[in-house]
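Participant: predicted model and sequence below, questions to follow.
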Amino acid sequence: MIKRLVIMSRGPSLSLLAAICCWALAATSPAGAQSAVVDRMIESLASTQTLSADFSQTTAAKSARLRSASGTFYISKPGLLRWEVKKPYPQIQLLNDKEFWLFDVDLAQASVRPVHAANLTGIAALLLNTNSLTREQLLSRYGFSDLGARDGLQWIGVTPKTAEPGITSLAVGVDSESLLRRFEIHDNLGQVTRIELTRILKNVAIDPKLFQFTPPAGVSVLRAP
């Protein structure tokens, strides 16, 4: 059954999922203008074609209790993403070259919209459409900074130079091999989302079927115009 409605997501937003794709910055980021730490991360990411990991996520806000989630994600360059929440509410968000799907298992509902209608703006647009931006455009729109060492990791910041909706800043924590380990994401609602990665696999073949979605029988599909 297909309906033209809007589904409410109980998981992370598309902008947040796009931020997890920060590894895609490697293709065109202006390495020469950055610190050695940033340069090493970009060099490492430049060789990344696929990435998968388990994640644990917390979201903190002053006026709400701490929310947590965990699951697995898969990324294949360019622009393919599967973000699968397993706890507390099973949910799949999937982005491929044609569509953006959101499937809520408990509600037996799925929503789908064309990629061009997914409203990728700001950092989301940067991180999923990096190949379409020149180095000069990246430098004019975003700042990349070495935030120093914390919790055994080196931190790198990405900040828009002009006010944008959604995510206001992103910090990436990398280990001694410049492998992504943690993310801290600040949004315009004052929320801070922290994500830690484990069981990281880089450049290991990912089944293309993971980036496709067919609604199970009995699931209501809510299709955006």
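Facilitator: Received, thanks.
Participant: and stretch 169-182, what's buried?
Facilitator: Residues 169-174, 178-182 are the ones in stretch 169-182 that count as buried (16 or more other CB atoms under 10 Å). Just so you know, the C-beta spots here come from the backbone N, C-alpha and C atoms, and that holds for glycine as well.
Participant: now swap in stretch 100-107 and tell me
Facilitator: Quick answer for stretch 100-107 (16+ other CB under 10 Å): 100-104.
Participant: which of those sits closest to Gln212?
Facilitator: The nearest member of these to Gln212, counting by CB to CB, is Trp101 at 9.1 Å.
Participant: can you pull the pLDDT of the closest one?
Facilitator: For Trp101, the pLDDT comes out at 91.
Participant: could you point out the helix or strand that follows the helix or strand hosting it?
Facilitator: Using DSSP states H and E, Trp101 sits in strand 99-104. For strand 99-104, the following helix or strand on the C-terminal side (DSSP H and E) is strand 109-114.
Participant: low pLDDT regions in the protein?
Facilitator: In the prediction, the chain carries residues with pLDDT under 70 at positions 1-34, 41-43, 45-46, 116-139, 141, 163-165.
Participant: now the strand holding Trp101 against strand 109-114, angle please.
Facilitator: 170 degrees (axes from the mean of the first three to the mean of the last three CA atoms, to 10 degrees).
Participant: in the sheet, which strands lie alongside strand 99-104, parallel or antiparallel?
Facilitator: Strand 99-104 has the following strand partners under DSSP bridges: strand 91-95 (antiparallel), strand 109-114 (antiparallel).
Participant: give me whichever of those is most buried.
Facilitator: Burial of those is given as mean neighbour count (mean count of other CB atoms under 10 Å); strand 91-95 ranks first at a mean of 22.
Participant: coming back round to it: now render the buried residues of stretch 100-107 as a markdown table, adding distance to Ser220.
Facilitator: Output for the buried residues of stretch 100-107, formatted as a markdown table (distance: CB to CB, whole Å):
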| residue | distance to Ser220 |
| --- | --- |
| Phe100 | 17 |
| Trp101 | 13 |
| Leu102 | 12 |
| Phe103 | 11 |
| Asp104 | 10 |
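Participant: ok so, going back, just tell me which of the strands paired with strand 99-104 ends up closest to Ala149.
Facilitator: Per CB to CB, nearest to Ala149 of the strands paired with strand 99-104: strand 91-95, 32.2 Å.
Participant: quick check: buried residues in stretch 144-161?
Facilitator: Buried-residue list, stretch 144-161, by 16+ other CB under 10 Å: 144, 146-147, 153-158, 160.
Participant: circling back: next one: the strand holding Trp101 to chain centre, how far?
Facilitator: 15 Å (CA atoms, centre = their mean, to the nearest Å).
Participant: what's near enough to touch the spatially closest residue to Pro90 that is not a sequence neighbour?
Facilitator: Excluding its sequence neighbours, the residue lying closest to Pro90 (CB to CB, 6 or more residues apart in numbering) is Val105, at 3.8 Å. Residues in contact with Val105, defined by CB atoms under 8 Å, 6 or more residues apart in numbering, are 89-92.
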